[in-house]
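Asker: Test case, fold it:
(one chain, ligands or ions: 1)
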Amino acid sequence: FDVVDLIRTKRDGGTLSPEQIRWLISSYTHGGVADEQMSALAMAILIRGMDRQEIAEWTTAMISTGERMNFDALTRADGTRRLTADKHSTGGVGDKLTLPLAPLVASYGVPVPQLSGRGLGHTGGTLDKLEAIPGWRAALSNAEIMQQLDSIGAVVCAAGTGLAPADKKLYALRDVTGTVEAIPLIASSIMSKKIAEGTDALVLDVKVGSGAFMKTQHDAAELARTMVALGTDAGVATTALLTDMSTPLGLTAGNAVEVEESVEVLAGGGPSDVVELTVALAAEMLAAVGLTDVDPAENLRNGHAMDSWRAMIAAQDGDPDAALPQPKYEHTITAAASGTLSRLDAYAVGIAAWRLGAGRGRKEDTVQAAAGVRLHAKPGDTVTAGQPLLTLGTDEDHRLVRAEQAMADAVEITEGPVVVGDLIRGRIT
Ligand code: URA
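Answerer: Numbers count the residues shown, from 1 in each chain. This is a model prediction of the structure:
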């Protein structure tokens, strides 16, 4: 094939054949197709889209550039397979749900292979959060993953570089060419990694709102439908929830602060929105592997999920009892007026946490464990002028000013009561 023909075909609204797609992804991975050609094609895809068959072929081609994991060795005493369940979030602010969710689901005997990433930009990364726990180790070998899945059930660790290497290369290219936002490319990127990971069931938490990739319900629903179709066609029991990301989840955004809040949830407390979504996602994961008759809130109340958490952290060399790092410098932002908090913008809080040092500007940067934002009020709460709304924390005081600037237009207080929208906006199967 001639890659320029493929670019022209897509540019003019045509369809790529399965053979063309397989050739393209393989050639790109091995250097036969240049970055500038792939970026032209990515832009054509962003503008023209791909049909369902093209997206499926694209995803399969990306999977076949790397290794596939396989959990067939996870069996019960009677020899039957233990089905695994995983969750993927499209990314948000204060989205610490993996931390309570993986041990919660594992506490019902369902192995959860949660291969996770780091934050880049305004959304946090699960591994960065867990690394706030002294000693905790993100890198596990495949043998360690299997062993921990078998004995404890919950594993949250770094995804190896062997899964869908084509995606790694393509994602880096999209990041610098304004082509991240193409729904077919996001869907195939996420699902190629999840299908290669080999999970039996998957729940997708597709975020919608200012702090998410997808700003509208319409786009989020289309992304969710595309991913559910890819998973289902690949034999993975896949469902999706559309959830609100117009304001942060819970009362914290950062690293150690999010671990602290997750532990509160595992202890049976914590903010109601984090609990609601953790339980809803757990119910999806458990149902997908056949456990429809359990109440996932039960193991948060009775301590079983906490037992799984402690075992999971200790197995990865972390100390579940260690004190978490606290920031050296803090600054509290107060309410400018009395009334009802009607908006506390997720994107702005994400940027503030990032500027405080919770996230990285370049891949090679390190993050501060103690950096982050604590919220003292959420949309719908009544506030009085002068009361604390949120506290910024960091180990480097020069970061406070820029973080405060990020919050300049992020807060709205109105006089009358406000209607706060539902956290869970839809379910797609
Ligand atoms: N996350 C991914 O893994 N890929 C995308 O394209 C977007 C978000």
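Asker: need the helix or strand of this structure with the lowest average pLDDT.
Answerer: Ranking every helix and strand in the chain by mean pLDDT, DSSP states H and E puts helix 165-175 at the bottom, with a mean of 90.
Asker: Which secondary structure elements does that helix sit against?
Answerer: Helices and strands touching helix 165-175, by 3 or more Cβ pairs under 8 Å, 6 or more residues apart in numbering; DSSP states H and E, are helix 18-29, helix 35-48, helix 52-63, helix 183-197. C-beta coordinates here come from the backbone N, C-alpha and C atoms, glycine included.
Asker: which residues touch it?
Answerer: 25, 28-29, 35, 38-39, 42, 61-62, 65-66, 161, 179-180, 182, 185, 188-189, 192-193 (Cβ atoms under 8 Å, 6 or more residues apart in numbering).
Asker: quick one: residue 292 and residue 285 touch, right?
Answerer: No: here residue 292 does not reach residue 285: they are 11.5 Å apart, not a contact under Cβ atoms under 8 Å.
Asker: higher neighbour count, these two?
Answerer: Between residue 292 and residue 285, counted using other Cβ atoms under 10 Å, residue 285 has the larger neighbour count: 27 against 9.
Asker: Now do the contacts for residue 312.
Answerer: Residue 312 makes contacts with 102, 103, 106, 148, 152, 154, 155, 156, as judged by Cβ under 8 Å, 6+ apart.
Asker: same question for the helix or strand where the first one lies, mean pLDDT?
Answerer: Secondary structure assignment for residue 102, by DSSP states H and E: helix 98-106. Averaging pLDDT along helix 98-106 gives 98.
Asker: Could you list the domains of the chain?
Answerer: 3-49, 85-315, 329-414 (automatic domain parsing).
Asker: For the stretch 101-250 of the chain, which segments count as helices?
Answerer: For the stretch 101-250 of the chain, the helices defined by DSSP state H, counting those that start in this stretch occupy 126-130, 142-151, 165-175, 183-197, 217-233.
Asker: To the ligand, which of the ones you listed lies closest?
Answerer: Closest approach to the ligand among these is made by helix 183-197 (3.4 Å; Cβ to the nearest ligand atom).
Asker: Which residues of this structure lie near the ligand?
Answerer: Proximity of the chain to the ligand is confined to 171, 180, 185, 186, 189, 190 under the rule Cβ under 6 Å from any ligand atom.
Asker: what's the farthest-apart pair in those residues?
Answerer: With Cβ to Cβ as the measure, no two of these lie farther apart than 180 and 190, at 11.9 Å.
Asker: Correct me if wrong: residue 345 contacts residue 212.
Answerer: No: judged on Cβ under 8 Å, residue 345 makes no contact with residue 212 at a distance of 12.0 Å.
Asker: which one of the two has more residues nearby?
Answerer: Per other Cβ under 10 Å, whichever of residue 345 and residue 212 has more neighbours is residue 212, with 28 against 23.
Asker: quick one: low-confidence parts of the stretch 101-250 of the chain?
Answerer: Within the stretch 101-250 of the chain, the ranges that satisfy pLDDT under 70 run 120.
Asker: swap the cut-off to 80 and go again
Answerer: Where the stretch 101-250 of the chain drops to pLDDT under 80, the residues are 119-123, 160.
Asker: for the residue lying closest to residue 74 once chain neighbours are set aside, what are its contacts?
Answerer: Leaving out its chain neighbours, the residue that sits closest to residue 74 by Cβ to Cβ, 6 or more residues apart in numbering is residue 82, at 4.4 Å. Applying Cβ under 8 Å, 6+ apart, one finds that residue 82 lies in contact with 71, 74, 75, 76, 109, 110, 111.
Asker: what would those look like in a markdown table with distance to residue 368?
Answerer: Putting the contacts of residue 82 into a markdown table (distance: Cβ to Cβ, whole Å) gives the following:
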| residue | distance to residue 368 |
| --- | --- |
| 71 | 35 |
| 74 | 37 |
| 75 | 43 |
| 76 | 43 |
| 109 | 37 |
| 110 | 34 |
| 111 | 33 |
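Asker: Next, count neighbours for residue 213.
Answerer: 19.
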